[in-house]
Structure formats: structure tokens, C-alpha cells
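# What follows is a predicted protein model with its sequence.
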Amino acid sequence: MNSSMFEQHRAKILDALAAAGATSGIAYLRGDVTKERHNTDVELSFRQESNFFYATGVNEPGYHAVIDLDARTARLFAPEIHADEAVWIGAAPTLDAQTAQYQVTVAHVPALPAYLDSLAPAAVHVLAHESDLSALGAHAAKADKSKLSDALTTARMYKTDAEVALIRKANEISEQAHVAVIKATSLETSEYELEALFRYTCHRHGAKNQAYLPIVGVGANAAILHYGRNTAELNQAGVSPHALVLVDAGCEVHGYASDVTRTFPAHGKFTPEARHIYQTVLDSQLAVIAALRPGVAWEDMHRLAERVLCQGLIDAGILKGSLEDCLAAHAQAVFFPHGLGHLLGLDVHDVGGYPAGVPRIQEPSIRYLRMRRTLEPGMVVTVEPGLYFVPLLIEAARNEKAGEFIDFDAVARYTPVGGVRIEDNVLITADGYKNLTTVPKSVDEIEALMAGDAQ
């Protein structure tokens, strides 16, 4: 990756710190370390701490970074890898090679205390959640946790062109994986086979890591929002012809996430009931995406999604009464029990969802909204409405106000559908939006893929 990308990131961090009144001292960031399974020496897959990667581009364990606010420069401190360790993990590049790679001076970790002494910083800005300041020595007493986390949040929320390109690439690879899964699905497959195919397709196109644990659920499993067991056979006893398969999965590229969900019929064709629920969710998503632009409040987008979903449930006979009465009773929330979407970046649920002092809206469904902000250019958001038939929520609604607007006999006809979620990743631009996700999602496109009629 080009080191200029991270130089630009550091400039954004410094500008955000300056806006918060921090123009002198240093910012200290501690990279992650190699971790093992409990009580073993079996290493877990390394994933760099996102803030550290954002500021440095270093994707190796054991590093420290110091950013000099006065000079607007940075220095990295790398772990020393001695010969006996290098036998197991390989020799480290020379310090000169690392300096050339990262375009900042790199020294070994033991040089950190003397460097801090030479700077004699009046303040050491550290992340609010940082619990290990041991590398700072006596300078740990100057730690200030009040500004750096917010500065990084501000910097990370607004994506540069280079960041957008990586998110787009992650989406392109995830598209190939989603299409492969849709094409391969039949009653002879299983959730675990489809997950394996998704991971394989991403890996063979250069994306080794998933941005989160894939969700692959058929029928009732598709109604579990963060289902992750992925163990069922699609031809399990009693699988309904209405049953859908929900795949929520996305790879990451150089740490940048994609987060894509597609839902499709286990039997290859949507039944009328499944088609209605699916089309309602798709109509909701398309309505929201069309409305995205700078200045729009995210909670308003959630409420727009709710209106379309609610009307679709009324049209199906699942809800009864007027649209406004159903919405007032939060009847749609029984079937749409989560927020519309979230920010996306180095983390799948990226930083910055709630500014300081902004509370959650304490109403069904929208209370789970992961972001309350006004959209601005450079933000990347997920748009992921859904409808789910969750027996626990449906039964609970019988004793709630929402239950007065639910036809439970109609619900029983639709329950075998399981759940539907459709999710795209969208960049907010100066004059609107750009959808970075191009996985097919119309009913006709999906059925054609499953029939082998589309490339």
C-alpha cells in the first residue's frame, strides 16, 4: 500500500486534534500483539488494531507509534526479532527497509524511552480505552485520554479516495463470492458448504480475511439476526417450499470491510409468499438509497424504511389497520427488530455512530440504530432493511399494543419464509450517493442465477 495514504491519515488526525485544542505534545498509539488460545501456545490470526493501522499502515504485531504534534511528524518503534525467534517466524526487515516502506523513521522498541525523553512532551494523548501505558515509562503520568479517540473518529468517518477504492475492491470480491454461493445453492447443499464456498472464493481472489463471521441461515435460521452456527443442511426435515437462505458475509481488503447481505430461495424459486416479503424489503432498501444525500438525518432514513416495510406487511394481510396506526403502535417493529444500518470502514461497525451527547431513540426497532448522524460526503453506510418471522417476538406481541394490528393467522402462513435482509454499502457524495455494492438482487436476477441462466 502507498505510504502517502497513511501520511494523509496522520494529517487528518493532527487537524482534528488541533480543532480540539491539542497542538503540542505527542500522540501515542500501541499496535496489537500476537495472541494465543487460552492456556496454549497456538497463535490466533493477527489483526491489527484499527486506529493503529489507520495512522501507520503497519500490519505486523508489536509496534508502537509516536506522532509529534508540534513537528507534525511520526516515528515507529518495531519489535526486535532475535535469531532464535526468527527461526520460527522469519527475520524482520532491516530498520532502513522499514523506514523506506513506511516513509517514517523506524527504530527498535528499546529506543522509545530515550526518544520520549528527547521530546519532553507536555502532554501524551492516548486512546480513551488504552489500558497499557507501560512503554511510556515516566511519561505515562502525562497521559491525556480526552481527545485522541474523538480525533481518530473524526478522521476515520470521512473516507479518502484511497479508502473508498479499498472498500469498493472488497465489495467486488464479495460480489464474486455471493454470486458463487447463489449459483451453488440447492437442497443438496448445506449452510456450512455455502460458508466454505464464500470464504474460498474471497481467498482465491486475494481477500484472506472476512470482515466478520459469515452468517448463512436457511428458513428459521434466517430470522436469527446474528446467526453464526451455519451447520444446517438445506434439505433438513420439513424445510418449507417458502424457505429462504440468508447470507450476510463480506471480506476485507487491507483491513477495509465490505458488509453485504443477499437472500434467495432454498428451492430456487420464490413462492408468492416469499416473493412478497422479499420484494417489500427490496422496495424499502431502494427507497432509502434513492433518498440518500448530504444533510439527511439517518434516523429519518430508518423511518422511511419502516414506512415501506409496514405498507408491505399491510398489503400481505399480516398487519391490519391504517399505515399511520400500525406505525404508531410499532407493529412493524415486531418484524423489523433492528436498525437500518451503520458506518463502514476499517471496522464493519465503524466508529462514529453516535456523537457525544446524542442519545438513542427509545422506541422499538429504532432503538437499535447504530448511528444517529446527519449524512455528510465521505461517509460510507450500510443500508440493510429486513423482515423476519421470529416466534418469540410474534408471541410476545399478542400481549402488546402492536398485537392489535397483527393478523396472527396470516403470520402463520408467512412464518416458513424465515427472514429477509438485503444489504448494500453506499458512499455519500457531494451531490448524492454511489452504491459500491453490485451483487444482483432483483427477483428475476436471483432466480436466473439459481437456474444457471445468468453469468
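That came through, no problem. Numbering: from 1, shown residues only.

# So residue 72 versus residue 116, what's the distance?
Using CB to CB, to the nearest Å, one obtains 17 Å as the distance from residue 72 to residue 116. Quick note: C-beta positions are derived from backbone N, CA and C, even for glycine.

# Among the two, which residue is more densely surrounded?
Using other CB atoms under 10 Å as the criterion, residue 72 and residue 116 rank with residue 116 on top: 21 against 13.

# does that one sit in a helix, a strand or a coil?
On the three-state scheme (DSSP: H, G, I helix; E, B strand; the rest coil), residue 116 is labelled helix.

# Use 292 as the first number from now on
Will do, 292 is the new start, and the previous item becomes residue 407.

# Give me the nearest residue to it, chain neighbours excluded.
Leaving out its chain neighbours, the residue that sits closest to residue 407 by CB to CB, 6 or more residues apart in numbering is residue 430, at 5.0 Å.

# Could you point out the longest helix of this structure?
The longest helix of the chain (DSSP state H) is helix 452-475.

# State the pLDDT value of residue 746.
On the pLDDT scale, residue 746 is placed at 52.

# I misspoke; the intended subject was residue 539.
The predicted structure lists residue 539 with a pLDDT of 98.

# Are we agreed that it is in a strand?
Yes: the assignment for residue 539 (three-state DSSP) places it in a strand.

# End to end on stretch 721-729, go ahead and measure it.
21 Å (CA to CA, to the nearest Å).

# residues of it that come out buried?
For stretch 721-729, the neighbour count (16 or more other CB atoms under 10 Å) marks 724, 727, 728 as buried.

# Give me the neighbour count for residue 385.
10.

# Distance check, it against residue 391.
Between residue 385 and residue 391 the distance, using CB to CB, works out to 9 Å.

# just checking, residue 371 touches residue 400?
Yes: checked against CB atoms under 8 Å, the pair residue 371 and residue 400 is within contact range at 6.7 Å.

# who's more crowded, the two?
Each of residue 371 and residue 400 had its neighbours counted (other CB under 10 Å), and the higher figure belongs to residue 400 (15 against 10).

# dump the residue contacts of the more buried one.
With contacts defined as CB atoms under 8 Å, 6 or more residues apart in numbering, the neighbours of residue 400 are 353, 355, 368, 369, 370, 371, 426.

# Need the residue closest to the centroid of the protein.
Nearest to the mean C-alpha position of the chain, by CA atoms, centre = their mean, lies residue 639 at 1.8 Å.

# Run through the stretch 442-591 of the chain and note the low-pLDDT ranges.
Low-confidence regions of the stretch 442-591 of the chain, defined here as pLDDT under 70, cover residues 528.

# Would you verify that residue 672 is located in a helix?
No: following the definition three-state DSSP, residue 672 is strand and is not counted among the residues of a helix.

# Could you tell me how many residues sit around it?
When neighbours are defined as other CB under 10 Å, residue 672 has 27 of them.

# Ok, residue 451 next?
Residue crowding around residue 451 was assessed by other CB under 10 Å; the count is 14.

# Does it touch residue 299 like I think?
Yes: at 6.0 Å, residue 451 and residue 299 qualify as touching, with contact defined as CB under 8 Å.

# re earlier: grab the two from the contacts of residue 400 that are most spread out in space.
The two members of those with the most space between them (CB to CB) are 371 and 426, at 13.7 Å.

# Tell me which stretches of this structure form helices.
Counting by DSSP H, the chain has these helices, from start to end: 294-310, 341-347, 374-380, 386-393, 403-410, 439-448, 452-475, 482-495, 563-582, 589-606, 614-619, 682-688, 699-705, 734-742.

# Put together TSV for those, with distance to residue 323 on each row.
Output for those, formatted as TSV (distance: least, CB to CB, whole Å):
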stretch	distance to residue 323
helix 294-310	17
helix 341-347	7
helix 374-380	15
helix 386-393	17
helix 403-410	17
helix 439-448	15
helix 452-475	20
helix 482-495	22
helix 563-582	35
helix 589-606	30
helix 614-619	45
helix 682-688	38
helix 699-705	45
helix 734-742	39
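
# what's the closest of these to residue 525?
Evaluated over those, closeness to residue 525 peaks at helix 482-495, with 7.3 Å, by CB to CB.

# Tell me the buried residues in that closest one?
Counting neighbours by 16+ other CB under 10 Å, one finds that the buried residues in helix 482-495 are 482, 484, 485, 486, 488, 489, 490, 492, 493.

# ok, back up a step: relative to residue 649, which of the helices of the chain is closest?
Nearest to residue 649, of the helices of the chain and by CB to CB, is helix 589-606 at 10.1 Å.

# how much does the closest one deviate in direction from helix 563-582?
Helix 589-606 runs at 150 degrees relative to helix 563-582, counting by axes from the mean of the first three to the mean of the last three CA atoms, to 10 degrees.

# Quick one: residues contacting the residue nearest to residue 463 when sequence neighbours are not counted.
Once its chain neighbours are removed from consideration, residue 463 has its nearest residue in residue 729; the separation is 7.8 Å (CB to CB, 6+ apart). For residue 729, the contacting residues are 462, 463, 466, taking CB under 8 Å, 6+ apart as the criterion.

# and if you look at residue 364?
For residue 364, the contact set (CB under 8 Å, 6+ apart) comprises 358, 395.

# ok, back up a step: residue 714 is nearest to which of the helices of the chain?
The stretch from the helices of the chain with the least distance to residue 714 (CB to CB) is helix 563-582; that distance is 8.0 Å.

# what comes up buried for the closest one?
The neighbour-count check on helix 563-582 (16+ other CB under 10 Å) flags 564-569, 571-580 as buried.

# of those residues, closest to residue 612?
Nearest to residue 612, judged by CB to CB, of those is residue 571 at 17.1 Å.

# What separation do you get for that closest one and residue 672?
Plainly put, residue 571 is 21 Å away from residue 672 if you go by CB to CB.

# cool, residue 524 as well?
35 Å.

# Residue 646 now?
To residue 672, residue 646 is 15 Å away according to CB to CB.

# for residue 467, same thing?
For residue 467, the distance to residue 672 equals 23 Å [CB to CB].

# and if you look at residue 444?
If you measure residue 444 against residue 672 using CB to CB, the figure is 15 Å.

# Just the residues contacting stretch 401-418, thanks.
Residues from elsewhere that reach stretch 401-418, judged by CB under 8 Å, 6+ apart: 308, 313, 315-320, 342, 355, 357, 359-360, 366, 368, 371, 398, 424, 426-428, 430-431, 433-436, 438-440, 442-443.

# thinking again about what came up before, what does the model give the residue nearest to residue 463 for pLDDT?
Predicted confidence (pLDDT) for residue 729: 97.

# No further questions, thank you.
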